[in-house]
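Enquirer: okay, structure incoming, though there's no sequence with it:
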């Protein structure tokens, strides 16, 4: 431990030394002299002005390697591809700003240009006159003094700039709305797809019924209301959690679920591994009562699903229907599909208006479920970790 | 003895101390603050840790971003190769595939009207575009900057690369990603300002269930329609929809798992470090960066406002069935913007559940931003 102050002192000394060295380090000189850059720029400016369209076209037809070689032979510090792009930029610039004003003395013009260091190279920038407007010429050089690009930015006044921006905005917003409205119309057309599907689905059902499967009439589907659906969903998801779908079942399982003495046939199809238990139900496949329930099944508590019948794929699970003592208002429903994260109350506890009963989690977001009247919790129908569907009854109040 | 002195001298001169500029030191400090925020404060660590570390590395050792042709042995720096994957728009497209594999488009399919809100929020991009033009940026630079308003990091990088605005790609990416994190702070005041208490309390009816067939058809149809109209965004939209098809078709679970987990995180590492590395002091510490940050903020504000205002219009037209708050989710930070809608809605009325309704405009916003990127590319003939 005695050593420590000494170590600290030497470290401090080292830091001070380094900082002083840093301050003394020589300023980096620019890699290529300014004069040399201006000479190159002047050469290229002349090239741009003098190159006829015909020559430009011929140059474009050259192979890149040939062009590289030609430029190298003439001692022009530029790659073939860059050379062509500079000529093209010049032509585009002249198109934008009008013909170059040849009255300007190139040497004088370049004298007014300034050199700036930019990323990995240098830029030579200045103003030149064109027929319609003045423009900024920018030559970009690499560290070795090789010229890589020329950009010509015409000078517009603010009105022109804003006008152009507005035009582009109008075009852009128009396109976005057009494309997205088009998309929504196409999706809206799913009504017809749904129609088609139900027709095909209807045929399917017909054929499976003739195959000996016990299925109910599609007409009866309308009798299944939302609340019932939620009860069935809860039962099925609980069962699925305890007995996940196996491969042998080909991602399908059939249930007969008894609610208040009526038995419903439910088919569960697995759509996505991550969604098992979350969205396992295709509501269309809940069918009407197929048989009268055995009273024993109706009385079985929801927490204990009946053991699976080994041979048959169909299981019987039963649900204790939510007692409807206080009518529809005596319930707390889930407003969103998700998972129960935390329970804040227990059965029998008194709650006030505005109390948070439990916290659901949906899309990694905590969503509190709030009780909206003063009451007592009669029964909690879910526990922590349960997946819930939107609209599912979470608790009953008395 | 002379040899030892010379060697020691060389060693000293190759240390970072000799090459550091004042700007580098500032950027190193910024990187350390970012690391602190990410690790200690838990501020989006998944993105911020790689970005901040890339920032740290490039400012200590700038040659880690050296180009192949500038280096002595013709081999570029490590992070330069990562960065090339950005420039070639490989990483943004792969991120989109992961986003597609993670995103549930059901709320959008159930309520196609959400597309309108997703489109309206893109106005922020164009407002920023006009602003950037007025602040003396070139046409293409203005477009690349404005797309920050889409709150969509990958699309911003994609467009900056396509419009060859690589010199400002670093500030754009950093601004886009930081604003994505700041959505929960920027949006609520605007949303509250533009809506009344009564509107915020509107409860929306349950979304209809969506069949599996629709879920499978959706990515295919979107790909066909958008890639036909705007072929230039095919890399983005195509990958987004491919990821979603992996998720929905149910027969390639391994692919959808890989795209949304392993591959996604690999790409985040590469993208994060290379974006961080594009913030070398000389490229980052200038007035343009300040302007870009300001324009990005304006883009967000206008985008949110436009979404909420169209939400109000829809609220009027449907006689109060649409809660205008979901409009703000058209800004496509998935799912942050949707969470904000949920939160603001629940503040006004605790039993209000807007999350799923807001997801519709939210994912429509992703598609909308990609469409805007495509439109810009078409306008500039790229």
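Expert: Everything's here; your move. Remember, predicted model here, so these are calculated numbers, not experimental data. Numbers count the residues shown, from 1 in each chain, chains lettered A, B, ... in the order given.

Enquirer: contacting residues around residue B:84?
Expert: Residues near residue B:84 by CB atoms under 8 Å, 6 or more residues apart in numbering or on different chains: residue B:76. (Each C-beta comes from the backbone N, C-alpha and C, glycine too.)

Enquirer: quick one, helices of the stretch 201-350 of chain B?
Expert: B:212-229, B:234-249, B:253-260, B:262-277, B:281-284, B:287-317, B:336-348 (DSSP state H, counting those that start in this stretch).

Enquirer: any idea of the mean pLDDT for the fifth one?
Expert: Okay, so that is helix B:281-284. For helix B:281-284, mean pLDDT rounds to 84.

Enquirer: now for that helix, which elements pack on it?
Expert: Counting contacts by 3 or more CB pairs under 8 Å, 6 or more residues apart in numbering or on different chains; DSSP states H and E, helix B:281-284 is packed against helix B:22-39, helix B:169-194.

Enquirer: list of residues touching it?
Expert: Contacts of helix B:281-284 (CB under 8 Å, 6+ apart): A:117, A:119, B:21, B:23, B:24, B:26, B:27, B:59, B:167, B:170, B:171, B:174.

Enquirer: what do you get if the cut-off is 7 Å, keeping everything else the same?
Expert: Residues from elsewhere that reach helix B:281-284, judged by CB atoms under 7 Å, 6 or more residues apart in numbering or on different chains: A:119, B:21, B:23, B:24, B:26, B:27, B:59, B:167, B:170, B:171.

Enquirer: farthest pair in those residues?
Expert: B:26 and B:167 (19.4 Å; CB to CB).

Enquirer: buried set for the lowest-mean-pLDDT helix or strand in chain B?
Expert: Here the helix or strand of chain B ranked lowest by mean pLDDT, DSSP states H and E is helix B:16-19, holding a mean of 75. Under the neighbour-count criterion of 16 or more other CB atoms under 10 Å in any protein chain shown, helix B:16-19 has B:17, B:19 buried.

Enquirer: check whether that helix contacts chain A.
Expert: Yes - counting by CB under 7 Å from any CB of the partner chain, chain A has neighbours in helix B:16-19: B:17, B:18.

Enquirer: show me what that helix is packed against.
Expert: helix A:3-24 (3 or more CB pairs under 7 Å, 6 or more residues apart in numbering or on different chains; DSSP states H and E).

Enquirer: so what touches the following helix or strand past the helix it packs on?
Expert: Where DSSP states H and E defines the elements, the next helix or strand beyond helix A:3-24 is helix A:34-50. Residues outside helix A:34-50 that contact it (CB under 7 Å, 6+ apart) are A:77, A:86-87, A:90, A:100, A:102, A:106-107, A:110, A:113, A:115, A:122, A:124, A:139, A:141, A:145, A:147, A:150.

Enquirer: got it, and stretch B:126-135?
Expert: Taking CB under 7 Å, 6+ apart as the rule, stretch B:126-135 contacts A:158, A:161-162, A:165-166, A:168-169, A:172-173, B:142-143, B:145-146, B:148-149, B:291, B:295, B:298-299, B:302.

Enquirer: please redo it, this time with the cut-off set to 6 Å
Expert: A:161, A:165, A:169, A:172-173, B:142, B:145-146, B:149, B:291, B:295, B:298-299, B:302 (CB atoms under 6 Å, 6 or more residues apart in numbering or on different chains).

Enquirer: about what we covered before: nearest to residue A:135, out of the helices of the stretch 201-350 of chain B?
Expert: helix B:287-317 (20.2 Å).

Enquirer: does any part of the helix or strand residue B:144 falls within sit near chain A?
Expert: Per DSSP H and E: residue B:144 is located in helix B:139-146. No - using CB under 6 Å from any CB of the partner chain, we find that helix B:139-146 stays clear of chain A, coming within 7.4 Å at best.

Enquirer: what pLDDT does the residue lying closest to residue B:334 once chain neighbours are set aside get?
Expert: Spatial nearest neighbour of residue B:334, chain neighbours left out: residue B:362 (5.4 Å); criterion: CB to CB, 6 or more residues apart in numbering or on different chains. Looking at residue B:362, its pLDDT is 93.

Enquirer: next: residue A:310.
Expert: 35.
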